[in-house]
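J.: generate coordinates for the sequence data below:
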Amino acid sequence: MQNSNDQNHERALACRLAGRRFGFSSFSSVWNLFRISHFGFPISARRGFGFRISDFLSCFVLWTLILCPGSVGLAALAPRIQKAVGPQQDSNDYSIHVVEPESGTVVYSHNAHKPLIPASNMKLVTTAAALRYLGPNFEYRTRVGRQNGALVVIGSGDPLLGDKSTDGRYARQNGWIFATIIQALQEQGVTEVNDLVVDTGVFDDQRVHPSWHPRDHNKWYACEISGLNFHGNCIEVLARNLGSSVAVAVEPNTGFVQIVNEVEPVVEGDSAIGANRTGQPNKIVVYGRCRTREGPFRVAIEQPAAFFGFVLAEHLVRAGITVKGRLIERAFLENAGLGSGGPFQPLVEFTTPMTDCLRRANTDSFNLVPEALLKTIDAHRKPDRRNGGWAGGRERMARYLVELGIPPEEFVIDDGCGLSRNNRLTTSAISRILQDLYRSKHWELFRVSLAVGGEDGTIDKYFSETRYRGRVHAKTGYISLVRALSGVCLTDAGPYLFSILSNGPKGLSRDAINNVAKAIIDEYAADGSTKFQIPNLKHTAPGAEIRNSKSEIRNKFKIQNSNDQNHGRALPVLDFLRFLPFGICFGFRISNFGFPRRAVSDFEFPRDAALVLPRHAALALGVCSFAYDLE
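T.: So this is what the prediction gives:
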């Protein structure tokens, strides 16, 4: 939905559909719906009827039932989800929340307001907050230039500078960043540089999150966060058995790290290698057994900005450009320069758009991205846009959640990626975030950043059946004893937002969580065929405009052919058969609202029953038909 005018238009459309369903004009429909509540009673009862608040309430309840059909779906979805959950359905260690986003109707809820550890579902909060505070057109810009003979690199906190996965998507060659800098220097006739200066002041000096366990510090998912990141702040380690020894190589090929090779060659048995840090920075021990070839695997390095500067210097020397002086990490104020060294002369600039950041965070669950976004959010609230840190970023994210109406007791924000076990979220809070995005102009941009079941990202190996493939767009989450899945199910009846969190040994398995998403699709699908074309925006070019108008989204869910239309006409009948007992009983109860006791005593079987039951059956059919039309 785009704005209040669109919402008013939809409400008016719903009323027109209601009138058309019963063949009434917009004026007479109100009167006739009022009369529905009198079906089946003797004339004498109607003559004794006077306008009462209870009569008004009867019509109000009826209209609520008609215009809010999701409340009926609540009871229908529950058995499917309980079956999917299995024996853990009575456990308090998991939470589920499912919402129909157009109306905001909650169609299923279990422990939805209980705070749980979200693991990587925290990335949904961070990326949503980044869209709110930085905007969809935000770009990281890493600038390289010269000043008084020094080569200066000004970091922006870009988490994807030299990222192997992102470079692969754009067919960039290995080392393309350094080749671009070298070409710019050669075009200006530069044959030597003095000091190499790297500026990381966009972020503070706290590169390691205090809540992350020390045993994880050399893992790729717990790498340092710097104002100048490069290659995911990791090296890749590869081992090859040469017969009598094992050769260990690293990528990038650099002397910045010192490798201690303790890998044994073997001809049989287990083959695996690992890496440990030592007390000396960037001195790494590679150990294990290698039968033929092992790796590559990623190992986090220390001092990422120095890592970039060192590798840059190595490339300059190989290209014949002499490097004198020192590698200096310090703040560089462009207007002041370095002392009295003169103006800054730009050479090249490297940019990374928000779209790439969202994709790497939500599709691939790359932890460096949300942590950089969190610190960037903090930096951009300051006049100089520098010194962004975790504390300020957490404060801004908390403010965003409160603005959405999420109670403070339903969340605790410690980091941006979800690796910290101090984070807490409720599934209700996650659903609220998703619904806010759904109603914003950023929804399509955000949705295509999520992993796609059976196709892409962290759930590419799940939901591979034809019935579910491409219909679950979601963010996974996993740390020890924590599992999560939140996103959107694209069903035949339209999108349904969902969030599932599970903590502890009595929580849900990954299969049970996936089965809940499948249950949502099954509940709102008439058969296993695809009823709409799922928009493929995964490979949208950087910076391309992604529109999200209401009409375009509606077109994505239109019935495609005459067979589907025939099937669609049958849905009200199917719903009628399912809810006929409820419709009769509820309609009969409405009929009694506001009548004198003598009116009820005048009711006689079987004479009046012959009139009551068919009319209330028609009322039930009408309610179901309304529900189908409004969906």
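
J.: quick check, residue 140 in a helix?
T.: No - secondary structure of residue 140 (DSSP: H, G, I helix; E, B strand; the rest coil): strand, not part of a helix.

J.: so what's the closest residue to it other than its chain neighbours up against?
T.: In this structure, residue 140 finds its nearest non-sequential neighbour in residue 158, 3.6 Å apart by Cβ to Cβ, 6 or more residues apart in numbering. Placement of C-beta: from N, CA and C, glycine included. With contacts defined as Cβ atoms under 8 Å, 6 or more residues apart in numbering, residue 158 is in contact with 140, 141, 142, 229, 350, 352, 372.

J.: buried subset of the residues you listed, written for ChimeraX?
T.: Buried subset of these, written as a ChimeraX selection, criterion 16 or more other Cβ atoms under 10 Å:
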select :140,142,229,350,352,372
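
J.: farthest pair in the contacts of residue 158?
T.: 350 and 372 (14.6 Å; Cβ to Cβ).

J.: tell me which element the residue positioned nearest the centre of the chain is part of?
T.: The centre of the chain sits closest to residue 124, judged by Cα atoms, centre = their mean, with a distance of 4.4 Å. Residue 124 is part of helix 122-133, with elements assigned from DSSP states H and E.

J.: state the distance from residue 84 to residue 358.
T.: Here the criterion is Cβ to Cβ, to the nearest Å. By it, residue 84 lies 29 Å from residue 358.

J.: for the two, indicate the residue with more neighbours.
T.: Taking neighbours as other Cβ atoms under 10 Å, residue 84 and residue 358 compare with residue 358 leading, 25 against 21.

J.: are we agreed that that one is in a strand?
T.: No - looking at residue 358 with three-state DSSP, it is helix, so not inside a strand.

J.: now the residue nearest to residue 140. Its backbone dihedrals?
T.: With angles defined as degrees, to the nearest 10, residue 158 sits at phi -50, psi 120.

J.: residue 349 versus that one, what's the distance?
T.: For residue 158, the distance to residue 349 equals 11 Å [Cβ to Cβ].

J.: show me the shaky parts of this protein.
T.: The chain contains residues with pLDDT under 70 at 1-75, 334-341, 526-631.

J.: mind redoing it with 80?
T.: Scanning the chain for pLDDT under 80 picks out the ranges 1-76, 333-342, 526-631.

J.: I'd guessed residue 92 sits against residue 111; true?
T.: Yes - with contact defined as Cβ atoms under 8 Å, residue 92 counts as touching residue 111 (6.2 Å).

J.: of those two, who's got more company?
T.: A count of neighbours by other Cβ under 10 Å puts residue 111 above the other of residue 92 and residue 111, at 18 against 13.

J.: once you drop chain neighbours, what's closest to that one?
T.: Distances taken as Cβ to Cβ, 6+ apart place residue 95 nearest to residue 111, at 4.1 Å, with adjacent residues excluded.

J.: and that neighbour, that's in a helix?
T.: No - using three-state DSSP, the assignment for residue 95 is strand, not a helix.

J.: contacts only, for it.
T.: By Cβ under 8 Å, 6+ apart, the residues touching residue 95 are 110, 111, 112, 114, 116, 426, 427, 499, 500, 501, 502.

J.: any idea how far residue 425 is from the second one?
T.: When Cβ to Cβ is applied, the distance between residue 111 and residue 425 equals 12 Å.

J.: quick revisit: give me the common contacts of residue 158 and residue 349.
T.: Listed contacts common to residue 158 and residue 349 are 141, 142; contacts here mean Cβ under 8 Å, 6+ apart.

J.: give me the phi and psi for the nearest residue to residue 191 once chain neighbours are set aside.
T.: Spatial nearest neighbour of residue 191, chain neighbours left out: residue 321 (6.1 Å); criterion: Cβ to Cβ, 6+ apart. The phi/psi pair for residue 321 (degrees, to the nearest 10) reads phi -100, psi 120.

J.: residue 321 contacts residue 194, correct?
T.: No - contact criterion Cβ under 8 Å: residue 321 and residue 194 do not qualify, at 11.7 Å.

J.: mind listing the shared neighbours of the two?
T.: Common neighbours of residue 321 and residue 194, counting by Cβ under 8 Å, 6+ apart, are absent.

J.: strands of the stretch 451-600 of the chain, residue ranges please.
T.: Per DSSP state E, counting those that start in this stretch, the stretch 451-600 of the chain carries strands over the ranges 451-452, 472-479, 482-491, 494-503.

J.: which one of those lies nearest to residue 405?
T.: Of all these, strand 494-503 sits nearest to residue 405, with 15.7 Å by Cβ to Cβ.

J.: before we move on, which element is residue 402 in?
T.: Assessed by DSSP H and E, residue 402 sits inside helix 390-403.

J.: how distant is the next helix or strand along the chain from that helix from the center of its chain?
T.: The first helix or strand that comes after helix 390-403 along the chain, using DSSP H and E, is strand 411-412. Remark: strand 411-412 is offset 17 Å from the chain centroid, using Cα atoms, centre = their mean, to the nearest Å.

J.: list the contacts of strand 411-412.
T.: Outside strand 411-412, the residues that touch it by Cβ under 8 Å, 6+ apart are 115, 125, 398, 401, 422, 423, 424, 425, 426, 429.

J.: partner strands of that strand, parallel or antiparallel?
T.: strand 424-425 (antiparallel) (DSSP bridges).

J.: and the next helix or strand after the strand it pairs with, what other elements does it pack with?
T.: Next helix or strand after strand 424-425 toward the C-terminus (DSSP H and E): helix 427-438. Counting by 3 or more Cβ pairs under 8 Å, 6 or more residues apart in numbering; DSSP states H and E, the packing neighbours recorded for helix 427-438 are strand 94-100, helix 122-133, strand 482-491, strand 494-503.

J.: who does the last one pair up with?
T.: It stands for strand 494-503. Strand 494-503 has its sheet partners listed here by DSSP bridges as strand 94-100 (antiparallel), strand 482-491 (antiparallel).

J.: turn the ones you listed into JSON lines, including distance to residue 203.
T.: Formatted as JSON lines, the strands paired with strand 494-503 follow (distance: least, Cβ to Cβ, whole Å):
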{"stretch": "strand 94-100", "distance to residue 203": "34"}
{"stretch": "strand 482-491", "distance to residue 203": "28"}
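
J.: tell me the contacts of residue 262?
T.: Applying Cβ under 8 Å, 6+ apart, the residues near residue 262 are 285, 286, 287, 288.

J.: how about it, secondary structure?
T.: For residue 262, the assignment made with three-state DSSP gives strand.

J.: residue 235 now?
T.: strand.

J.: buried ones in the helix holding residue 124?
T.: Buried residues in helix 122-133, counted by 16+ other Cβ under 10 Å: 122, 123, 124, 125, 126, 127, 128, 129, 130, 131, 132, 133.

J.: list just the nearest of those residues to residue 435.
T.: Closest approach between these and residue 435, by Cβ to Cβ: residue 128, at 10.9 Å.

J.: neighbours of the closest residue to the closest one other than its chain neighbours, how many?
T.: Distances taken as Cβ to Cβ, 6+ apart place residue 433 nearest to residue 128, at 5.1 Å, with adjacent residues excluded. Residues lying near residue 433 (other Cβ under 10 Å) number 26.
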